[in-house]
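Colleague: After the sequence you'll find the predicted model.
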Amino acid sequence: MEKVTVERYRQEFPVTKNHIYLDHAGIAPISLRVKDALDTFLAESAEGAAFHYPHWTQRIVETRTACARLVNGEVDEIAFIKSTSHGLSIVSEGMDWKSGDNVLFSERDFPSNIYPWINLKSKGVEARAVPSRGGRIQIEDMERLMDARTRLIAVSSVQFSNGFRIDLKRLGALCRSKGVLLCVDAIQSLGIIPMDVRELNIDFLAADAHKWLLGPEGIGIFYCRKELAQNVRPPLLGWKSVQNEFDFDHPVLQLKNDAQRFEEGTLNLMGIFGLGAAIELLQEAGIANIETRVLDLGDQIIEEAGKRGLAVMTPAQRDQRGGNITIAGSFDPSVVRDALRVRGIMVNVRGGGLRLSPHFYNTAEEINATFQNIDRLYPQ
């Protein structure tokens, strides 16, 4: 991205005035346009409440459409969820498992993509952990663990601890050839890496808004391939789960046929409108442009770490990593993290190292300043 474009978008993020924010793999700051969307909803709620519902309903449709466009799905394949864990649990609890089935997951994944699968033991389903080799998940190991009773593979598009990006296209092709479903936790990539559920043969996808999507917490996107929706029973049921949702006086338990069957009750309107504004900003900047920018900043982090003899736990190859870079040295990463935060620099600790995760509005100067502060704290 051109410098002038980055500077324009930096104006959208007040956090840049006083801080260097490099923890988008954790909790990201929101932009002014997201804040404006939230403020507008609060004002409308105070001034007119339900008088605004026709307008709010249209905004819901617009945001759902933007979510579908973001992953190249269809509008009726998108449901709003409260978290990535929520979306993954819809799949784990809603599928028609049979005793003796098995599911594969990564042993080093974030717990949200582990607990729902090992919890299936009570249903007689075996959860098989795919080993991590040097911080990477090998598709060959997945194929080796698959058999005739493998129903699903659950995987993160990008690992939270070291930024390793799995080859979803290759994995999706393998799953489709074996008749195995693919469920993707996309929270560490959606917003900075183009996502095409059709091209990648993804059956289910979940991602919260508060990381790379630059949206508010408590709202997320769940994608369910339309051919599968009727085969997944919602683990939660409510008035919005059914086809006649507004016929309150004559309740009939006839579930919706699409992904909206998973929206059991009143929607998080404020979160949805904030998510819509966040996606608008990202699509305006261009996801492909954002990916290039984030990978360039990652290259710089890797280079600066190398100059200092620090270990880089993240793959150097651009097609094998996302936006988070984890480094390690002779220092305690938790001590460095805390000291940097005192200096107004937000980073985090994951996988035994210091994790830096810049977004597209961050700058090379901010990366340099971060390493200069590390030098002052712990000279190499």
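Modeller: Structure received.
Colleague: Need the phi and psi values for the residue nearest to Asp36 when sequence neighbours are not counted.
Modeller: Take Asp36 and drop its neighbours on the chain: the residue closest to it by C-beta to C-beta, 6 or more residues apart in numbering is Ala277, 7.1 Å away. The way it works is simple: take the backbone N, C-alpha and C, and place the C-beta from them, glycine included. Ala277 adopts backbone torsions of phi -70, psi -40, taken as degrees, to the nearest 10.
Colleague: what do you get for Ser357?
Modeller: Main-chain dihedrals, Ser357, degrees, to the nearest 10: phi -140, psi 90.
Colleague: right, and it touches Asn324 too?
Modeller: Yes - the pair Ser357 and Asn324 passes the contact test of C-beta atoms under 8 Å, sitting 3.9 Å apart.
Colleague: Now do the top helix by length along the chain: everything it contacts.
Modeller: If you go by DSSP state H, the chain has its longest helix at helix 287-307. The contact list for helix 287-307 (C-beta atoms under 8 Å, 6 or more residues apart in numbering) reads 1, 6, 70, 163, 191-194, 282, 311-312, 314, 316, 318, 321-323, 325, 327, 356, 358-360, 362, 364, 367-368, 371.
Colleague: Which parts of the stretch 151-300 of the chain are strands?
Modeller: Taking DSSP state E, counting those that start in this stretch, the strands of the stretch 151-300 of the chain run over residues 181-185, 204-208, 220-224.
Colleague: Same list, the ones you listed, but as CSV with mean pLDDT and distance to Trp117 please.
Modeller: Conversion of those to CSV gives the following (pLDDT from 0 to 100; distance: least, C-beta to C-beta, whole Å):
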stretch, mean pLDDT, distance to Trp117
strand 181-185, 98, 9
strand 204-208, 98, 13
strand 220-224, 98, 17
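Colleague: closest one to Arg151 among those strands?
Modeller: For those, the distance to Arg151 is smallest for strand 181-185, at 6.4 Å, taking C-beta to C-beta.
Colleague: mind exporting the closest one as PDB, just the C-alpha atoms?
Modeller: Presented in PDB, the C-alpha positions along strand 181-185 are these (Å, rounded to 0.1, in the frame of the first residue of the first chain):
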ATOM      1  CA  LEU A 181     -15.900 -32.200   6.400                       C
ATOM      2  CA  LEU A 182     -13.600 -29.300   7.000                       C
ATOM      3  CA  CYS A 183     -14.300 -26.800   9.800                       C
ATOM      4  CA  VAL A 184     -12.000 -23.700   9.900                       C
ATOM      5  CA  ASP A 185     -11.300 -21.400  12.800                       C
END
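Colleague: which other residues reach it?
Modeller: For strand 181-185, contacts defined as C-beta under 8 Å, 6+ apart pick out 84, 88, 91, 109-110, 112-113, 151-157, 168, 171-172, 175-176, 200-207, 228.
Colleague: For PyMOL, what selects the buried ones among those?
Modeller: Applying 16 or more other C-beta atoms under 10 Å to these leaves a buried subset, and the PyMOL line that selects it is:
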select buried, resi 84+88+91+109+110+112+113+151+152+153+154+155+156+157+168+171+172+175+200+201+202+203+204+205+206+207+228
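Colleague: surely the residue nearest to Asp36 meets Arg33?
Modeller: Yes - counting by C-beta under 8 Å, Ala277 touches Arg33, with 4.8 Å between them.
Colleague: Between these two, which has more neighbouring residues?
Modeller: The neighbour count for Ala277 versus Arg33, taken as other C-beta atoms under 10 Å, is higher for Ala277 (25 against 17).
Colleague: what's the burial count for Ser330?
Modeller: By other C-beta under 10 Å, the residues close to Ser330 number 9.
Colleague: Actually, Ile60.
Modeller: Ile60, neighbours per other C-beta under 10 Å, totals 15.
Colleague: which ones are touching the residue lying closest to it once chain neighbours are set aside?
Modeller: Once flanking residues are discounted, Ile60 sits nearest to Ile272: 5.9 Å by C-beta to C-beta, 6+ apart. For Ile272, the contact set (C-beta under 8 Å, 6+ apart) comprises 59-60, 63, 80, 219.
Colleague: If we use 7 Å, what do you get?
Modeller: For Ile272, the contacting residues are 60, 63, 80, 219, by C-beta atoms under 7 Å, 6 or more residues apart in numbering.
Colleague: Serialize those residues to a markdown table and add fields for distance to Asn348 and pLDDT.
Modeller: Below are the contacts of Ile272 laid out as a markdown table (distance: C-beta to C-beta, whole Å; pLDDT from 0 to 100):
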| residue | distance to Asn348 | pLDDT |
| --- | --- | --- |
| Ile60 | 33 | 98 |
| Thr63 | 29 | 98 |
| Phe80 | 27 | 98 |
| Ile219 | 22 | 98 |
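Colleague: what would those residues look like in JSON lines with secondary structure and distance to Glu44?
Modeller: Output for the contacts of Ile272, formatted as JSON lines (DSSP: H, G, I helix; E, B strand; the rest coil; distance: C-beta to C-beta, whole Å):
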{"residue": "Ile60", "secondary structure": "helix", "distance to Glu44": "14"}
{"residue": "Thr63", "secondary structure": "helix", "distance to Glu44": "15"}
{"residue": "Phe80", "secondary structure": "strand", "distance to Glu44": "19"}
{"residue": "Ile219", "secondary structure": "coil", "distance to Glu44": "18"}
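Colleague: With that, I have no additional questions.
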